[in-house]
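Asker: Pasting a predicted model and its sequence here:
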2 protein chains.
Amino acid sequence: MKFCSSCGAPVSHITPEGDNRPRYVCDACATIHYQNPRIIAGCIAEWQDKILLCRRAIEPRHGLWTLPAGFMENRETTLQGAMREAMEEANAQVINTSLFCTFSIPHISQVYMMYRGELHQGYASPGIESLETALLTEQQIPWNELAFPVIRETLKLYYADKTSGQFRVHSGDLVRDADQQFTVTIHL
Amino acid sequence: MKFCSSCGAPVSHITPEGDNRPRYVCDACATIHYQNPRIIAGCIAEWQDKILLCRRAIEPRHGLWTLPAGFMENRETTLQGAMREAMEEANAQVINTSLFCTFSIPHISQVYMMYRGELHQGYASPGIESLETALLTEQQIPWNELAFPVIRETLKLYYADKTSGQFRVHSGDLVRDADQQFTVTIHL
């Protein structure tokens, strides 16, 4: 951020009076431009013993596999966001949904909120952001071709719950340290 | 948003090619400025049969009571945000935390993520954003002087679980309709 989105004047990165961290503050109109984490809403859509994965047609991670998920939009709920992404990426309608897990990823200021639900009539087909869609069993999951670490962690929790016979809500963090290694903490 | 934060030129509110909703797009450098919901992280801090409430020293809702909560910052986890807010608003350390509920509030593009934990040593005192702090039993909760509807709904879920003897993770929406009435939907 270099310019004020309200008045167009340059901004400075300074700590406002009464605050405890630097913000972008307009040199002219003094507007404080806060920046906050973004939510990615998505879902595990189940059909019989399979779940829906999409192969990405966009960067980053073009060609790798992911659960349908994307940035939550203003004026929608997290669940609406998750269902919209399933429709956009896989023409998939997901029903009987419930919250499955949340993951904070602080180094990229993202929070994932993933739902679990039933893929209506088992139907999916690639949306414009997907090269292909697939319904896969646990044995068919391409673990080495998943797009993001959070997808791997979400799927690990999912199959652990499925094996145990009881699905619960999970909450965790994926923290990247200075050596670029991820530490996964599951709080719940 | 009137000006591009990257280059300072005016922006237009148009639907970019390949997108399906209007965004602020720079007339000069074509940067698309996405706007997304913000997360409010907070907590129910328990001490014996009481919980911690804060009376707001800031607008909106100056003078009314709330749970410690505030906008999540970049580069923190939701749990870190909740604990930071408890410290900032009530000098309170909250331990043994776990996720309690999430609420989407689409008309203001906010998502609440509320934790439940133990107020360390039962200690709290007003931070700069609080007029006072109090440890209150269920009977002492000032239901008619709560700052926000989502606080009421969070506390209702909390006391329902407490009465049942089992705390679960909840997820719901607070939707304001055209008549300014709230509809509360608890999915979980």
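Answerer: Yes, it's here.

Asker: Give me the domain ranges for chain A.
Answerer: A:1-35, A:38-186 (automatic domain parsing).

Asker: does the last one come close to chain B?
Answerer: Put plainly, it is domain A:38-186. Yes: looking at domain A:38-186 against chain B by Cβ under 8 Å from any Cβ of the partner chain, the contacts come from A:38-39, A:71-80, A:97-99, A:102, A:104, A:106-107, A:109, A:111, A:113, A:128, A:168-169, A:171, A:173, A:175. Where you see a C-beta, it was placed from the backbone N, CA and C, and this is true even at glycine.

Asker: Output the below-cut-off pLDDT ranges for chain A.
Answerer: Within chain A, no range satisfies pLDDT under 70.

Asker: Name the SS class of the closest residue to A:Thr31 other than its chain neighbours, please.
Answerer: In this structure, A:Thr31 finds its nearest non-sequential neighbour in A:Ser6, 4.8 Å apart by Cβ to Cβ, 6 or more residues apart in numbering or on different chains. Using DSSP: H, G, I helix; E, B strand; the rest coil, the structure places A:Ser6 in coil.

Asker: If you count neighbours, what's buried in the longest helix along chain A?
Answerer: Ranked by residue count, the top helix of chain A under DSSP state H comes out as helix A:149-164. Within helix A:149-164, the residues that qualify as buried by neighbour count (16 or more other Cβ atoms under 10 Å in any protein chain shown) are A:150-155, A:157-158, A:161.

Asker: And the next helix or strand past that helix?
Answerer: Sequence-wise, the next helix or strand downstream of helix A:149-164 (DSSP states H and E) is strand A:170-176.

Asker: Output the contacting helices and strands for that following strand.
Answerer: Where contact means 3 or more Cβ pairs under 8 Å, 6 or more residues apart in numbering or on different chains; DSSP states H and E, strand A:170-176 is packed against strand A:94-105, helix A:149-164, strand A:182-186, helix B:78-90.

Asker: That strand pairs with which strands, and in what direction?
Answerer: Listed by DSSP bridges, the sheet partners of strand A:170-176 and their directions read strand A:94-105 (parallel), strand A:182-186 (antiparallel).

Asker: now it, how far from the centre of its chain.
Answerer: Remark: strand A:170-176 is offset 12 Å from the chain centroid, using Cα atoms, centre = their mean, to the nearest Å.

Asker: and the angle from that strand to helix B:78-90?
Answerer: Angle of strand A:170-176 versus helix B:78-90, following axes from the mean of the first three to the mean of the last three Cα atoms, to 10 degrees, is 100 degrees.

Asker: contacting residues for the nearest residue to A:Ile39 once chain neighbours are set aside?
Answerer: In this structure, A:Ile39 finds its nearest non-sequential neighbour in A:Met72, 4.1 Å apart by Cβ to Cβ, 6+ apart. By Cβ atoms under 8 Å, 6 or more residues apart in numbering or on different chains, the contact list for A:Met72 reads A:38-41, A:78, A:81, A:113, B:36-37, B:111.

Asker: Can you tell me which of the residues of domain A:38-186 next to chain B are buried?
Answerer: Judged by 16+ other Cβ under 10 Å, buried ones among the residues of domain A:38-186 next to chain B: A:38-39, A:72-73, A:76-80, A:97, A:99, A:102, A:104, A:106, A:109, A:111, A:113, A:169, A:171, A:173.

Asker: How about the residue in chain A that sits furthest from its center?
Answerer: Going by Cα atoms, centre = their mean, the residue of chain A most distant from its centre is A:Ala28, 36.5 Å out.

Asker: can you confirm it is in a helix?
Answerer: No: with three-state DSSP as the criterion, A:Ala28 is assigned coil and is not in a helix.

Asker: And it, how far from chain B?
Answerer: 11 Å (Cβ to the nearest Cβ, to the nearest Å).

Asker: For that residue, which non-adjacent residue is closest in space?
Answerer: Closest to A:Ala28 by Cβ to Cβ, 6+ apart is A:Ala9, at 3.5 Å.

Asker: Need phi/psi at the one you found.
Answerer: Phi and psi for A:Ala9, reported as degrees, to the nearest 10, are phi -80, psi 160.
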